[in-house]
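K.L.:
Can you look at this prediction? I've put the sequence above it.
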Amino acid sequence: SMSDSQLSALDKDLRVWIGTIVEEPWADADLVARLKDGKALLKIMQKVNPSASVVIREGALSVAGAENIAQFLSECRSLGVPEQQLFRAEDIVEYRPSNRSRILLGLQTIADFFAQRGWAPPLPSAEREHGLEVEDTLGSVLRTGVQTVTDRIDGANAMRMLESLIREGSEDFSGFA
C-alpha cells in the first residue's frame, strides 16, 4: 500500500491530469469532492472514446453523480480496464477517508491504461519516469555507438598500419632477393 505522502503526490498528479484533459482548473481542487458529480469523469471518457454514448446526468449528487460515475466505470470496463483495479461508484458517492487509496489507485490504473494506448496524456509522474528512461536509453545507445565507432576506427587504423608495415617490409626485403 502507498504512504500518505505517495497518495498526496498521486492526488496532485491526478488533479493535473484531469484538468489537462477536461481543460478546467483542477490543480487546487479537492479531488474526491470534485469527482462526486461524475461530470469530469464522463468528459474524460468523451475525449478518450468519442464513440461512447455518454449521457451526463444533472441533478441531485447522490443520484445523478452515482449514475455518472457508474457510467464512467462501465465504459472503462468495456474498454478493457481490469475490473479488480477499479473503484466503485459508492467509494466516491459515500466517501470515507478509508476509500481514498482505492479511488486514487483506481484512477491511476485508468490514467495509465489510457496513456499506454495513446488515448490520453500520461500522468505527470509517469511522464517524468518515462522521460528519465528515454534519457537513459538514449545515453546508453550513444555511448555504445561512440564506442563501436571508436573501435572501428582503431581497427581500421591497425589494419592500415599493418598493411603499410607489410609493404615497407617487403620493399626492405626486396634488396636481398
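P.N.:
Nice, I can see it.
K.L.:
hang on, isn't residue 40 packed against residue 25?
P.N.:
No - Residue 40 is not in contact with residue 25 according to Cβ atoms under 8 Å; the separation is 11.6 Å. Backbone N, C-alpha and C define where each C-beta goes, glycine included.
K.L.:
So for those two, which residue has more residues nearby?
P.N.:
Shown here are residue 40 and residue 25; by other Cβ atoms under 10 Å, residue 40 has more neighbours (22 against 9).
K.L.:
ok, now which ones touch the more buried one?
P.N.:
18, 22, 24, 26, 34 (Cβ atoms under 8 Å, 6 or more residues apart in numbering).
K.L.:
got those as TSV, with neighbour count columns?
P.N.:
Listed next are the contacts of residue 40 as TSV, based on neighbours: other Cβ atoms under 10 Å:
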residue	neighbour count
18	23
22	17
24	13
26	19
34	15
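K.L.:
Can you tell me which of those comes closest to residue 76?
P.N.:
residue 18 (14.4 Å; Cβ to Cβ).
K.L.:
Counting by contacts, list what the strand or helix carrying the closest one packs against.
P.N.:
For residue 18, the host element (DSSP states H and E) is helix 4-22. Contacts defined by 3 or more Cβ pairs under 8 Å, 6 or more residues apart in numbering; DSSP states H and E place helix 4-22 against helix 31-35, helix 39-48, helix 100-116, helix 124-174.
K.L.:
Show me the contact partners of stretch 70-84.
P.N.:
With Cβ under 8 Å, 6+ apart, stretch 70-84 has contacts from 38, 41-42, 44-45, 48-49, 52, 54-55, 86-89, 109-110, 113.
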